[in-house]
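Participant: After the sequence you'll find the predicted model.
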There are 2 protein chains.
Amino acid sequence: MSAKIRLYVEQALGQGQPVQVSRDQAHYLFGVMRLGVGDWVALFNGRDGEWQARVGEAGKRGGELLCESQSAPLRMPPDLWLLFAPIKKARTDFIVEKAAEMGAARIVPVQTEFTNSERIRQDRLQAHAVEAAEQCGGTYVPEVAELQKLGPLLDRWPAERQLMFCDETLAGRSSALSGLLAGQGENARTGGPSGPWAILIGPEGGFSERERARLAALPNAHAVSLGPRILRADTAAVAALTLWQQALGDW
Amino acid sequence: MSAKIRLYVEQALGQGQPVQVSRDQAHYLFGVMRLGVGDWVALFNGRDGEWQARVGEAGKRGGELLCESQSAPLRMPPDLWLLFAPIKKARTDFIVEKAAEMGAARIVPVQTEFTNSERIRQDRLQAHAVEAAEQCGGTYVPEVAELQKLGPLLDRWPAERQLMFCDETLAGRSSALSGLLAGQGENARTGGPSGPWAILIGPEGGFSERERARLAALPNAHAVSLGPRILRADTAAVAALTLWQQALGDW
């Protein structure tokens, strides 16, 4: 009894709970994946953990799944936001996918002064986050926020949330990251809370002088370097999430 | 005098050295990027560092660049190989790009028992590595090897090279990585050599039992976990390179 297919659903999950299958889900489960009555599917909804469910009815336009037992509890990621400036479509999709896999709790596309993108398709990016969660075995799907301007976001930045920002002009310089994270990590390992954090990945053109000044003025902002080479934004996102998860997160 | 365009060339670079431009390079420099006589280009060849060169002649089918001054010394990456099992085309391209950005010295596609790919286009992957080096400011281009079978590669594994392999069946379990790397990192920070290393990223279907046994039998192989979620191969490559570079490498 271990389903190979994981499906994110909106409905409540629980012992004996029936879950109606939408037309799209029916097409995927019964058409593409060729599941039939009695086959297993793993379900999660971001609230009730992961459940093993059996196919009760399978039709072209819908069907029903029946939850039989919980196979994993809900595991919330750490309270970590990933803020990034959208870039070309494929790389933006990758950043959202990677952030979901790496265990960000919230993904916030931001418009900086040097960002090319004027808008994003929030629904499409959210669907990428769902697919990544289905794929990586997570029981939680990070929310993808609407595109926001970086300036106002920093103006009303919550006082308790630490912000790690990755500045490509720091490439090659040593940074306070290891010390900062080592100290915090000690707290985390001894059970102290690392508290809410965010990671901000700059746009390909870098931050503007004004943005850099604003970041420097934030009491909880920490500039870090990601090595001597200049990383693309999607690489930087994974690298920064790795450092954070290793030092302060759930790795 | 700071060229925005970086170009990898095969020729030797040095004070006053003329560099002939191929037809493809001429198309890129003079057609696409619209450079003219007197404009600057940064050149590197993986051996002589980075040089600022001026356009001496610009034609449709060729041209000449003249090296004026060295703007960066050759900076070799640490002696780190990235071994990975090729996956779908776009993700394989990404892994090569990321490995070059992250500072791997050599990229080795490996065929495992559960690898779908039977072959790769080595020349195309090498071109991706060149492009990534041009983009990230590196002065070195990692060699992309031909596809090799993992079994024989492990059979003749060099005794002095440590191997960190990322096993998705370890997801969620703690690993010896932090201790291992912390100890080694101490060496690295105090000037001791971290020695030659390799990172092996498994295929999407995981390693076979036989491969796992062979890895377990290697004296210098270290299994590590990359957190509680199962990462895609391209994500795992960046995450593993980050951990290694941070602890033992040039970050």
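Facilitator: Cool, the structure landed. Quantities reported herein were computed from a predicted structural model and do not represent experimental measurements.

Participant: Can you verify my assumption that residue A:19 contacts residue A:54?
Facilitator: No - assessed by C-beta atoms under 8 Å, residue A:19 is found out of contact with residue A:54, at 10.6 Å. From N, CA and C alone the C-beta is placed, and that goes for glycine too.

Participant: list residues touching both of these two?
Facilitator: Common neighbours of residue A:19 and residue A:54, counting by C-beta atoms under 8 Å, 6 or more residues apart in numbering or on different chains, are A:65, A:66.

Participant: which one of those two has more residues nearby?
Facilitator: Shown here are residue A:19 and residue A:54; by other C-beta atoms under 10 Å in any protein chain shown, residue A:19 has more neighbours (22 against 17).

Participant: mind listing what residue A:49 touches?
Facilitator: Residue A:49 is in contact with A:13, A:70, A:71, A:72, A:73, A:74, A:75, A:139, counting by C-beta under 8 Å, 6+ apart.

Participant: Would you mind checking those residues for buried ones?
Facilitator: Using 16 or more other C-beta atoms under 10 Å in any protein chain shown as the burial test, the contacts of residue A:49 include A:13, A:71, A:75, A:139 as buried.

Participant: For the third one, give its distance to chain B.
Facilitator: Note on residue A:75: its distance to chain B, by C-beta to the nearest C-beta, to the nearest Å, is 7 Å.

Participant: Nearest residue to that residue in space, ignoring adjacent ones along the chain?
Facilitator: Leaving aside its chain neighbours, residue A:75 sits nearest to residue A:139 (5.3 Å; criterion: C-beta to C-beta, 6 or more residues apart in numbering or on different chains).

Participant: Three-state assignment for the one you found, please.
Facilitator: With DSSP: H, G, I helix; E, B strand; the rest coil as the basis, residue A:139 sits in coil.

Participant: number of nearby residues for residue A:157?
Facilitator: Neighbours of residue A:157 under the rule other C-beta under 10 Å: 17.

Participant: so what's it up against?
Facilitator: Applying C-beta under 8 Å, 6+ apart, we find residue A:157 in contact with A:163, A:218, A:220.

Participant: give me the element it is part of.
Facilitator: Here residue A:157 sits in a region with no helix or strand, counting by DSSP states H and E.

Participant: Please, which helix or strand holds residue A:43?
Facilitator: Assigned by DSSP H and E, residue A:43 belongs to strand A:40-44.

Participant: Go through that strand and flag the buried ones.
Facilitator: Neighbour counts over strand A:40-44 (16+ other C-beta under 10 Å) mark A:40, A:41, A:42, A:43, A:44 as buried.

Participant: could you point out which element follows it?
Facilitator: Per DSSP H and E, the helix or strand that comes after strand A:40-44 is strand A:50-58.

Participant: Which strands and helices lie in contact with the next helix or strand after that next one?
Facilitator: Once strand A:50-58 ends, the next helix or strand along the chain (criterion: DSSP H and E) is strand A:63-72. Strand A:63-72 sits against strand A:18-21, strand A:40-44, strand A:50-58, with contacts defined as 3 or more C-beta pairs under 8 Å, 6 or more residues apart in numbering or on different chains; DSSP states H and E.

Participant: mind putting those strands in TSV, distance to chain B and mean pLDDT included?
Facilitator: Output for the helices and strands packed on strand A:63-72, formatted as TSV (distance: least, C-beta to the nearest C-beta, whole Å; pLDDT from 0 to 100):
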stretch	distance to chain B	mean pLDDT
strand A:18-21	23	96
strand A:40-44	12	96
strand A:50-58	12	96
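
Participant: In a markdown table: these, plus distance to residue B:134.
Facilitator: Below are the helices and strands packed on strand A:63-72 laid out as a markdown table (distance: least, C-beta to C-beta, whole Å):
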| stretch | distance to residue B:134 |
| --- | --- |
| strand A:18-21 | 49 |
| strand A:40-44 | 42 |
| strand A:50-58 | 44 |
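
Participant: Tell me which of the ones you listed lies nearest to residue B:32.
Facilitator: Ranking those by proximity to residue B:32 (C-beta to C-beta) places strand A:40-44 first, at 47.2 Å.

Participant: pretty sure residue A:96 is touching residue A:145, no?
Facilitator: No - contact criterion C-beta under 8 Å: residue A:96 and residue A:145 do not qualify, at 11.0 Å.

Participant: picking up where we left off before, buried among the contacts of residue A:157? Make that a ChimeraX selection.
Facilitator: Typed into ChimeraX, the line below selects the buried ones among these, using 16+ other C-beta under 10 Å:
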select /A:163,218,220
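
Participant: so which of the contacts of residue A:157 comes closest to residue A:232?
Facilitator: Checking those against residue A:232 by C-beta to C-beta gives residue A:163 as the nearest, at 21.1 Å.

Participant: in terms of contact, does residue A:44 touch residue A:6 like I think?
Facilitator: Yes - proximity of residue A:44 to residue A:6 meets the contact threshold set by C-beta under 8 Å, at 6.9 Å.

Participant: on that earlier part again, show me which of the buried ones among the contacts of residue A:49 is closest to residue B:121.
Facilitator: Nearest to residue B:121 among the buried ones among the contacts of residue A:49: residue A:139, at 38.6 Å, using C-beta to C-beta.

Participant: For that closest one, give me phi and psi.
Facilitator: Per-residue torsions, residue A:139: phi -110, psi 10 (degrees, to the nearest 10).

Participant: ok, back up a step: quick one: which two of the buried ones among the contacts of residue A:49 are the most distant?
Facilitator: Pairwise across the buried ones among the contacts of residue A:49, and taking C-beta to C-beta, the largest span is found between A:13 and A:75, at 14.5 Å.

Participant: Distance check, residue A:40 against residue A:18.
Facilitator: According to C-beta to C-beta, to the nearest Å, residue A:40 stands 15 Å off from residue A:18.

Participant: now the residue nearest to the spatial centre of chain A, what's its secondary structure?
Facilitator: Geometric centre of chain A, nearest residue: residue A:100, 3.0 Å, by C-alpha atoms, centre = their mean. Here residue A:100 takes the helix state, with states given by three-state DSSP.

Participant: Per the annotation, how does chain A divide into domains?
Facilitator: Domain segmentation of chain A under automatic domain parsing yields A:6-71, A:80-248.

Participant: end-to-end on the longest one?
Facilitator: End-to-end span of domain A:80-248 (C-alpha to C-alpha, to the nearest Å): 10 Å.

Participant: to the chain's geometric centre, what's the distance from that domain?
Facilitator: Its chain's average C-alpha position is 10 Å from that of domain A:80-248, according to C-alpha atoms, centre = their mean, to the nearest Å.

Participant: Next: the shortest one.
Facilitator: Here domain A:6-71 shows a centroid-to-chain-centroid distance of 23 Å under the convention C-alpha atoms, centre = their mean.

Participant: Next, count neighbours for residue A:119.
Facilitator: By other C-beta under 10 Å, 10 other residues sit near residue A:119.

Participant: hang on, I meant residue A:5
Facilitator: 15.

Participant: Leaving out sequence neighbours, find the closest residue to it.
Facilitator: Sequence neighbours aside, residue A:41 is the residue nearest to residue A:5 in space, at 5.2 Å (criterion: C-beta to C-beta, 6+ apart).
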